[in-house]
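Q: Make a model of this:
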Amino acid sequence: MRGLRFLALALSSLVLSGCVVRAAADVVTAPVKVASKGVDLATTSQSEADEKRGREMREREEELRQFERRYDRQLEKCREGNDRACFEAKETYSEIQILLRNNPGLAASPER
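A: The predicted structure follows:
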């Protein structure tokens, strides 16, 4: 009976020592895991940066198309004799030029 207790005690100490070692390893590596997760959240991967840049370019291209449609409508009204439309067309044209100046890639797009 005493031998059975000793055997149970020896087996439980082996099992528990594995748990203790595992817990100690988790405690030691936890700060590294937390720090690396923080770095991952704080940095932007190249693909994420490319996606963001592409999205911004598409938004600027859509903005340019809206200005161009507005300019075409105003220019048509100007040709029909509407002086107010002529003034608005000049303002819209200026906005288009500013947009193109600030975004040189838009002027080189194949759609134009």
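Q: so how far is Gln74 from Val34?
A: 58 Å (Cβ to Cβ, to the nearest Å). In short, each C-beta sits where N, CA and C put it, glycine included.
Q: higher neighbour count, those two?
A: Gln74 (21 against 10; other Cβ atoms under 10 Å).
Q: Can you name the residues that contact that one?
A: 85-86, 88-89, 92 (Cβ atoms under 8 Å, 6 or more residues apart in numbering).
Q: Leaving out the residues flanking it, which one is nearest to it?
A: Spatial nearest neighbour of Gln74, excluding adjacent residues (Cβ to Cβ, 6 or more residues apart in numbering): Ala89 at 3.8 Å.
Q: I'd say the one you found and Cys78 touch.
A: Yes: Ala89 is in contact with Cys78 according to Cβ atoms under 8 Å; the separation is 5.3 Å.
Q: between the two, which one's more packed in?
A: Counted by other Cβ under 10 Å, Ala89 and Cys78 do not tie: Ala89 has more neighbours, with 21 against 17.
Q: how close does that one sit to Ala30?
A: According to Cβ to Cβ, Ala89 and Ala30 sit 64 Å apart.
Q: repeat for Leu106
A: Between Leu106 and Ala30 the computed distance is 49 Å (Cβ to Cβ).
Q: Comparing these two, which residue is more hemmed in?
A: Relative neighbour count places Leu106 above the other of Leu106 and Ala30, with 18 against 10, counting by other Cβ under 10 Å.
Q: just checking, that one touches Leu99?
A: Yes: taking contact to mean Cβ under 8 Å, the distance of 6.9 Å between Leu106 and Leu99 places them in contact.
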